[in-house]
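[1] missing the sequence, but the structure's below:
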């Protein structure tokens, strides 16, 4: 007798959640390999890129990155510490509010981020090419994020 398994799917490969998990793991492994030469993990790259993106709009704190990337504060804190140790970020304090540390990319951080972007963006384009139209796929991902936050 086969034990009961309470799922709607005849096979795991028919579950969108399982497929997303597999795709995410494969994508992360490819990023890890591509970024190794730059001494960056995929998480460090993503956090560094978030700081860079947000910095274009003004001063940035770790809380800003947490909100922007929907990341846990412990993940951002650990990545930020690592990036500061590598010389890619620097921390300063606002004279008006000593509790809020302002984080900025260093020259080395900006160089590393730009090098990583030249690796990661083509990797992403090739990886997600099977999805068809990249703009439509990106919009669908944004729609999923928006709906999940409601």
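    Thanks, I have the structure now. Note that this is a predicted model, so its numbers are computed, not measured. Numbers count the residues shown, from 1 in each chain.

[2] output the below-cut-off pLDDT ranges for this protein.
    Across the chain, the stretches falling below the confidence threshold (pLDDT under 70) are 1-2.

[3] which stretches of it form helices?
    Listed in chain order, the helices of the chain (DSSP state H) span 16-35, 42-55, 62-69, 73-85, 107-128, 134-149.

[4] tell me which residues of the second one come out buried.
    Right, the one you point to is helix 42-55. Across helix 42-55, burial judged by 16 or more other CB atoms under 10 Å covers 42-52, 54-55. Every residue, glycine included, has its C-beta placed from N, CA and C.

[5] contacts for it?
    Among residues not part of helix 42-55, those counted as contacts by CB atoms under 8 Å, 6 or more residues apart in numbering are 28, 31-32, 35, 38, 40, 60, 64-65, 68-69, 71, 75-76, 79-80, 82-83, 88-89, 103-105, 109-110, 112-113, 116-117, 120.

[6] and that helix, how far out from the chain middle?
    Averaged C-alpha coordinates place helix 42-55 at 7 Å from its chain's average position (CA atoms, centre = their mean, to the nearest Å).

[7] now swap in the last one and tell me
    If you compare the mean C-alpha spot of helix 134-149 with that of the full chain, they lie 15 Å apart, counting by CA atoms, centre = their mean.
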